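Chemist: Generate coordinates for the sequence data below:
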Amino acid sequence: MLRFHTYVLIALMILILSSCGRPVTDPIGTLGKADEHSSRHRTSLMMLKASPDRTSADATDALQGLIYRPGYADDVRLEGLEILVETNPDRLLRTTRQRLPRIDDPMWLEAYCQWLGDQDWSDPQKKAAVNEALVSSWGVFWPVWTDEEDRPEYKALVKINGQAQVIPLVFDVFKQSKKGSQQGLRDRCWVLLHRLGRRSELIELVEQTPADSDNLMMVDLKAAVDDFGTVPYNREEILWLRKLRQPERAGFWQEAKVAVVNMPQSRRREMEIRDLPVVVAAARHRPELLAASKPMLLETTEAKLRNIKHYYEKEPGMPTDGSRRERFRTHRDVITWGDVAAITLAMEALSQVPVRSHIFDYADRDHDDKGTEYGGIIQLDDSGRFELREFPPKIRSHDRRFNASQQMFNAGYTALFHMHFHAQRHRNGDHAGPGLGDLNYAENTRTNNLVFTFVDKNTMNVDFYRHGKVIVDLGTIKRPSAE
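Modeler: Presented below is the predicted three-dimensional model:
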């Protein structure tokens, strides 16, 4: 048997060596095939360098493909860049702008950025194009690099522009990206500047935007600063803000604007987009919340939650510290005015019999449906009353997942809470609270959220949660017919 395996191994080696040794007769075609051996790619590049065909459209396409198609060795890619920068620099720059932010191989990203940083970009237009590509790519979050100054894009920008010019350059790219097709670039710049701790400078920049600016995103951001004193943090919040600026939601915007007038000026910079529905609901139901001090609200809320029965998620998919993870006092240092106001309004909404009746009725239907979780939003109806609005998922995965539909997102821009159930069984207390998927949802959307979990047939535990893994157990609610 050992001898047989040896023969097989020798045969494979001969096959590989023979394939490597085949003469290259079509260098452009060989470069276009990622599954060819790297030695044949290298031979093709050597042949192409000496060939008048290196400037042809087919050669340019093959060289460009080395940048983003998977399956090539990094040294092959870099050698291709050296040829392309000589034969068609404009195509290289266009491909770099389009493809650099989409690279999913950190080693190739590092090599590519280092190569860009080592080139001579003395031409102002070419330099601007490379800078834009590097900033756009830097805006994409990579967990591999925890320090922004370790990012290969940052290092390349320093080489090209000097360290002192890097942050101003990011601002310039953001300000100059006015075309509709550059929305993604604007979003990445915005998120990057927040990661770099430049939020206050962003707000100042937005404040200086003229009202008649042709950059519609900046006009919407300026309206948020002027009317509420705040701006979005991430791409989802930018979209959220722009949806609120649409004519069909003008009434909501105006109502929030009037309500914010009654809030202390110092509180406005702490506000988030998710707080706007809270402000509107507070103005209608609990206007004293708008002027109430945060310390007073903290004490009042903690007192209400102190002696109630708590349940908590035992397997949320993250390091567990038991029930403390879902206690109000655990998050006291990061709880905002908006959090305590939202919690206060949630408890008021859940004290109302029609709301609880609807929640239990919807939860019963979720319990009976073993193919998905159910969810929706809690909002104010046209008369200003709290209501649950149902949005059963369009995409059904399994009984431990809720997929929010686009219709739910569209309706949720003015809603107080996104909500869903853990109703797989009536005694489900071990899963009372958001799991890892729920927390990721909150992190991405930055919404206020409630999850309702059956602990027995007539009782559900309620948890409030939002981004930053802030979870507050609000205790339990009872089925009205069982009280």
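
Chemist: And the pLDDT for the nearest residue to residue 102 once chain neighbours are set aside?
Modeler: Once flanking residues are discounted, residue 102 sits nearest to residue 68: 7.0 Å by Cβ to Cβ, 6 or more residues apart in numbering. Where C-beta positions appear, they are placed from N, C-alpha and C, glycine not excepted. Residue 68 is assigned 93 on the pLDDT scale.

Chemist: and what of the one 4 residues further on?
Modeler: The predicted local confidence for residue 72 comes out at a pLDDT of 95.

Chemist: That one against residue 63, yeah?
Modeler: No: under the criterion of Cβ atoms under 8 Å, residue 72 is not in contact with residue 63, lying 11.1 Å apart.

Chemist: Which of those two has more residues huddled nearby?
Modeler: residue 63 (28 against 20; other Cβ atoms under 10 Å).

Chemist: which strands and helices sit next to the helix or strand where the more buried one lies?
Modeler: Per DSSP states H and E, residue 63 falls inside helix 57-68. Judged by 3 or more Cβ pairs under 8 Å, 6 or more residues apart in numbering; DSSP states H and E, the packing partners of helix 57-68 are helix 27-31, helix 74-87, helix 89-99.

Chemist: mind listing what's buried in the strand or helix carrying residue 411?
Modeler: Take DSSP H and E as the rule and residue 411 turns out to sit in helix 406-412. Across helix 406-412, burial judged by 16 or more other Cβ atoms under 10 Å covers 408, 409, 412.

Chemist: Check for me that residue 452 belongs to a strand.
Modeler: Yes: under DSSP: H, G, I helix; E, B strand; the rest coil, residue 452 falls within a strand.

Chemist: Tell me how many other residues surround it.
Modeler: If you count neighbours by other Cβ under 10 Å, residue 452 ends up with 25.

Chemist: Do you know the pLDDT at it?
Modeler: 98.

Chemist: Was I right to think it contacts residue 474?
Modeler: No: if you go by Cβ under 8 Å, residue 452 and residue 474 don't touch, sitting 10.0 Å apart.

Chemist: Now do the shared contacts for the two.
Modeler: By Cβ atoms under 8 Å, 6 or more residues apart in numbering, residue 452 and residue 474 have these common neighbours: residue 462.

Chemist: Now for the spatially closest residue to residue 393 that is not a sequence neighbour: which residues touch it?
Modeler: Spatial nearest neighbour of residue 393, chain neighbours left out: residue 403 (4.4 Å); criterion: Cβ to Cβ, 6+ apart. For residue 403, the contact set (Cβ under 8 Å, 6+ apart) comprises 372, 393, 394, 395, 396, 397.

Chemist: Now do the buried residues in stretch 137-153.
Modeler: Of the residues in stretch 137-153, 137, 138, 139, 140, 145, 151, 152, 153 count as buried by neighbour count, 16+ other Cβ under 10 Å.

Chemist: Pass me the low-pLDDT residue ranges in this structure, would you?
Modeler: 1-21, 315-323 (pLDDT under 70).

Chemist: quick one on the thing from earlier: verify the contact between the residue nearest to residue 102 and residue 103 for me.
Modeler: Yes: if you go by Cβ under 8 Å, residue 68 and residue 103 touch, sitting 7.1 Å apart.

Chemist: mind giving me the domain ranges of the protein?
Modeler: Per the record, the chain has its domains at 23-264, 297-482, by automatic domain parsing.

Chemist: Distance to residue 283 for those domains - can I get that in CSV?
Modeler: Formatted as CSV, these follow (distance: least, Cβ to Cβ, whole Å):
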stretch, distance to residue 283
domain 23-264, 4
domain 297-482, 10
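
Chemist: Would you point to the one among the helices and strands packed on helix 57-68 that's packed deepest?
Modeler: A comparison of the helices and strands packed on helix 57-68 by mean neighbour count, using mean count of other Cβ atoms under 10 Å, puts helix 27-31 on top with a mean of 20.

Chemist: Next SSE downstream of that one?
Modeler: Following helix 27-31 in sequence, per DSSP H and E, is helix 38-49.

Chemist: residues in contact with that following helix?
Modeler: Contact partners of helix 38-49, identified using Cβ under 8 Å, 6+ apart, comprise 20, 22, 24, 27-28, 30-31, 54, 59, 63, 72-73, 75-76, 79-80, 83.

Chemist: Now do the same contact list for residue 75.
Modeler: Shown in contact with residue 75 (Cβ under 8 Å, 6+ apart): 38, 42.

Chemist: one more time with 6 Å, if that's ok
Modeler: If a contact means Cβ atoms under 6 Å, 6 or more residues apart in numbering, then residue 75 has no contacts.

Chemist: Nearest residue to residue 283 in space, please, no chain neighbours.
Modeler: Closest to residue 283 by Cβ to Cβ, 6+ apart is residue 259, at 3.8 Å.

Chemist: any chance you could map the strands in the chain?
Modeler: Secondary structure of the chain (DSSP state E): strands located at 375-380, 386-390, 417-422, 449-456, 459-466, 470-478.

Chemist: Take those strands and lay them out in JSON lines including distance to residue 94.
Modeler: What follows is the strands of the chain, written out as JSON lines (distance: least, Cβ to Cβ, whole Å):
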{"stretch": "strand 375-380", "distance to residue 94": "43"}
{"stretch": "strand 386-390", "distance to residue 94": "46"}
{"stretch": "strand 417-422", "distance to residue 94": "40"}
{"stretch": "strand 449-456", "distance to residue 94": "42"}
{"stretch": "strand 459-466", "distance to residue 94": "41"}
{"stretch": "strand 470-478", "distance to residue 94": "44"}
